[in-house]
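Asker: Quick one: sequence and predicted model below, then my questions.
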Amino acid sequence: QIANAGDCLEDLSTCLEDPDAYVRKSAVKCFAESVDGPDASVISAVSARLEHPDAEVRNAAVQVLTVVAGTGNEHACLEVGRRLRHSNAEVRKTAIQALIRVSARSNSASLAQVIECLRDEDASVRCAAIDGLIVVSASPFAEDARALHASLAAIAQEDVEPLVRAAAEEALERLPGW
């Protein structure tokens, strides 16, 4: 294990941008084997890769964030949450996936951020938000479940995109207890 993860792992995070998929995959493996616990500088460096133009780099960043931040890390949730307002829809979709993986299921603030993405201007982001909400729908918080159900029901009826309406209808059918 690396004693001072911050410096070494920040440098390693640049390997997530390598054009060679093997190098990116190796970097993800190195992160998994090298991290003792959450390190804010590493989380920030890896979170920056969520904005990369290459989808494979963004996906590698999600994998690494899951490893280096764990679940419920506030700094990771803040870093990822900032990307939900990015100008690029693909970055926003990746940020939704990352936020679902790094936030605790009981994190109402993260859930609210994903619910807010249901109003995104891009239909694919709205669908990603619906998919993400299904992942966290097992939350034991009835208040959140009611809000989620109401949001999805409204989208199933009112969204201008048939694909988004269909995704919301499917999500409603998959929600436990409804």
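Answerer: Now that the structure is in, tell me what you want to look at. Numbers count the residues shown, from 1 in each chain.
Asker: For the strand or helix carrying Ala32, list the C-alpha coordinates in PDB.
Answerer: When elements are assigned from DSSP states H and E, Ala32 belongs to helix 21-34. Extracted C-alpha coordinates of helix 21-34, given in PDB (Å, rounded to 0.1, in the frame of the first residue of the first chain):
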ATOM      1  CA  ALA A  21      -8.000   0.900 -22.600                       C
ATOM      2  CA  TYR A  22      -5.600  -1.500 -20.900                       C
ATOM      3  CA  VAL A  23      -3.800   1.400 -19.300                       C
ATOM      4  CA  ARG A  24      -7.100   2.900 -18.000                       C
ATOM      5  CA  LYS A  25      -8.100  -0.500 -16.700                       C
ATOM      6  CA  SER A  26      -4.800  -0.900 -15.000                       C
ATOM      7  CA  ALA A  27      -5.100   2.500 -13.400                       C
ATOM      8  CA  VAL A  28      -8.500   1.500 -11.900                       C
ATOM      9  CA  LYS A  29      -6.900  -1.700 -10.500                       C
ATOM     10  CA  CYS A  30      -4.000   0.300  -9.100                       C
ATOM     11  CA  PHE A  31      -6.400   2.700  -7.300                       C
ATOM     12  CA  ALA A  32      -8.300  -0.300  -5.800                       C
ATOM     13  CA  GLU A  33      -5.100  -1.800  -4.500                       C
ATOM     14  CA  SER A  34      -3.500   1.400  -3.300                       C
END
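Asker: pLDDT value on Ala171, please?
Answerer: At Ala171, the pLDDT value in this model is 89.
Asker: Which residues are in contact with it?
Answerer: Residues touching Ala171, when contacts are defined by CB atoms under 8 Å, 6 or more residues apart in numbering, comprise Ile130, Asp131, Leu133, Ile134, Ser137, Leu152. Any C-beta I mention is one placed from the backbone N, CA and C, and that applies to glycine too.
Asker: 10 Å - rerun?
Answerer: Applying CB atoms under 10 Å, 6 or more residues apart in numbering, we find Ala171 in contact with 127, 129-134, 137, 148-149, 151-153, 155-156.
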